[in-house]
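> My questions concern the predicted model and sequence given below.
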Amino acid sequence: MPDFIEQRLLGLTEAAATLPPSSATFDDGGSFRVEIPSVEGPAAMDAVVTEAERLDVPLHRVSQGSGITLLSDAEILEMAAVGAAKSIEVCLFVGPRAPWEGSASALTPDGKVFGWRHTSVRQLRYAYDDVVRAVELGIRSILIADEGLICLVDEARRAGELPQDLILKGSALMGIANPVGAALLERAGLDTINVASDAPLGELAAFRAACRSALDLYVESPDGLGGFTRYHELAEIVRVAAPIHLKFGLRNAPSIYPSGRHLEGVAVTTGLERVRRAALGLERLAKTAPELKASPTGLPRPGVPVPR
């Protein structure tokens, strides 16, 4: 008779070995959505949206990495207005995070295990206040890298203190390493889970077997996450992992976190190239697997901002 661990992992092991196709989709029937990350403010967002329309890239989500803290109310309102008008999810990162909190621990060699988490109750409160501020300005999608904050925000959603349609996205910087851990975070409140950009197809199948939530995956990852490019695998990735957000990062590009006016030109030009990379990937996907469809654009859905 199989022992406990064999029983517990049997289905995931089979999924990883056999690569079963996913029968799941987004609620709108789409197998995948397109996300452009590192959209660091209104100028970058305007450029990304315009370029996506020019290149006929279906743009479902933009995400930002520098943090809500470093955006003014006016900038958040501007991004929310564009997202609402175009039905694009605008996902803003919570900040500050461990390396920017004023504590030395996250900057030491061993302390880097803290990642972008919040290393004290006070910092956790600051992060929660960041979420409240963004929500009050119309944002309905938040990017989080801390398990405690995920629990707090989910509890607030269930208590009616935050909108129930608020999307919680787990950051790639959480280091979600395996399907069992991903399922745990899903139960804690995550709605969309960023798995490692180098996860093999078999592991993606196991993540899909373990989780109901949408997965997020860098098709091209920034150098800090390995610089992987997986354009040739796009059809297989979508087949085994749907519903999935295809994220088009950019290797060989400067780090722009935290961004601001001093890096606005870089944020705009790298954003434009991310959209071009998405166009290249989708062109290949359409040729190799035309039956795999993107979610329709322009429709209301959770995560799209509420204009103020």
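That came in fine, so what should we check first? Every value quoted in this text rests on a predicted model; they were computed, and no experiment measured them.

> how far out from the middle of the chain is the longest strand seen in the chain?
For the chain, the longest strand by residue count, based on DSSP state E, is strand 214-220. Centre-to-centre, strand 214-220 and its host chain are 8 Å apart (C-alpha atoms, centre = their mean, to the nearest Å).

> same check, this time on stretch 126-142
Once both centres are worked out by C-alpha atoms, centre = their mean, stretch 126-142 turns out to sit 16 Å from its chain's centre.

> residue contacts, Phe64?
Actually, residue 64 is Gln. It isn't Phe. Contacts were defined as C-beta atoms under 8 Å, 6 or more residues apart in numbering; by that measure Gln64 touches Ser38, Val39, Glu40, Gly41, Leu71, Val90, Cys91, Leu92, Phe93, Leu143. For glycine as for every other residue, the C-beta is placed from the backbone atoms N, C-alpha and C.

> Using the three-state scheme, assign the last one.
Secondary structure for Leu143, judged by DSSP: H, G, I helix; E, B strand; the rest coil, is strand.

> that older thread, which outside residues touch the helix or strand that the longest strand of the chain is followed by?
Next in sequence after strand 214-220, counting helices and strands by DSSP states H and E, comes helix 234-241. By C-beta under 8 Å, 6+ apart, the residues outside helix 234-241 that reach it are 19-22, 31-32, 201, 204-205, 207-208, 215, 217, 219, 230, 244, 246, 281, 284-285, 288-289, 292.

> now do stretch 20-30
31, 33, 205, 208-209, 212, 214, 239-243, 293-296, 299, 301.

> Just the buried residues from the residues you listed, in ChimeraX please.
Provided next is the ChimeraX selection string for whichever of the contacts of stretch 20-30 are buried by 16 or more other C-beta atoms under 10 Å:
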select :31,33,205,208,209,214,239,240,241,242,243,293,294,295,301
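
> if we can go back for a sec, what about the contacts of helix 234-241, which are in strands?
Among those, the members falling in strands (DSSP E) are Phe32, Leu215, Leu217, Val219, Ile244, Leu246.

> separation between the residue lying closest to Gly224 once chain neighbours are set aside and Thr270?
Leaving out its chain neighbours, the residue that sits closest to Gly224 by C-beta to C-beta, 6 or more residues apart in numbering is Ser255, at 6.7 Å. Shown here: Ser255 relative to Thr270, a distance of 10 Å by C-beta to C-beta, to the nearest Å.
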